[in-house]
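Novice: What shape does this take:
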Amino acid sequence: QQLARENEIKIAGPILSRSPLLDDPTLVDIARGKGQDHLAAISGRPTLSPSVTDVIVRRGDRDVVRNVAANAGARFS
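Specialist: Next up, the predicted model:
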C-alpha cells in the first residue's frame, strides 16, 4: 500500500493497475488524493467497483473517464 501511494507514478502505476492486494477503500483514498496519472493507472485495473469508478469519473479528466468507460471490468453505480 505504501508504494501505491507513492507520488512518483513510475513506482505507483504498476501497483495501482495490477496489484490484487489493494482493496477498494485504499483505491478510493488514493483516487481522492492523487492526480490524473494515478487515476489513469487505477482506471486500467482488470475490475473496478462502483465506489472506485465514482471517484474516478468525478475527478478524472476526459482521457481518464474514457479509459474507465472502456474498461469492461469497471462497474458503475
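Novice: Could you check how far the spatially most central residue of the chain is from residue 59?
Specialist: For the chain, the residue lying nearest the average C-alpha position, counting by C-alpha atoms, centre = their mean, turns out to be residue 42 (2.1 Å). Using C-beta to C-beta, to the nearest Å, residue 42 is found at 10 Å from residue 59. In short, each C-beta sits where N, CA and C put it, glycine included.
Novice: Spit out the residues that contact the two alike.
Specialist: Counting by C-beta atoms under 8 Å, 6 or more residues apart in numbering, the shared contacts of residue 42 and residue 59 are residue 31.
Novice: Which residues lie in contact with residue 40 in this structure?
Specialist: Contact criterion C-beta under 8 Å, 6+ apart gives 60, 63-64, 67 as the residues in contact with residue 40.
Novice: Which secondary structure state is assigned to residue 6?
Specialist: coil (DSSP: H, G, I helix; E, B strand; the rest coil).
Novice: can you pick the most crowded of the contacts of residue 40?
Specialist: Comparing the contacts of residue 40 on neighbour count, residue 64 comes out first with 23 neighbours (neighbours: other C-beta atoms under 10 Å).
Novice: okay, the contacts of residue 40 in a markdown table with distance to residue 48, secondary structure and pLDDT next?
Specialist: A markdown table is the format used below for the contacts of residue 40 (distance: C-beta to C-beta, whole Å; DSSP: H, G, I helix; E, B strand; the rest coil; pLDDT from 0 to 100):
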| residue | distance to residue 48 | secondary structure | pLDDT |
| --- | --- | --- | --- |
| 60 | 12 | coil | 97 |
| 63 | 16 | helix | 97 |
| 64 | 12 | helix | 98 |
| 67 | 11 | helix | 96 |
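Novice: how about the helices in the chain?
Specialist: Listed in chain order, the helices found in the chain under DSSP state H are 9-18, 24-33, 36-43, 50-59, 62-70.
Novice: In CSV: these, plus distance to residue 2.
Specialist: Listed next are these as CSV, based on distance: least, C-beta to C-beta, whole Å:
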stretch, distance to residue 2
helix 9-18, 10
helix 24-33, 11
helix 36-43, 14
helix 50-59, 19
helix 62-70, 23
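Novice: out of the ones you listed, deepest packed?
Specialist: Of all the helices of the chain, helix 36-43 has the most neighbours on average by mean count of other C-beta atoms under 10 Å, namely a mean of 22.
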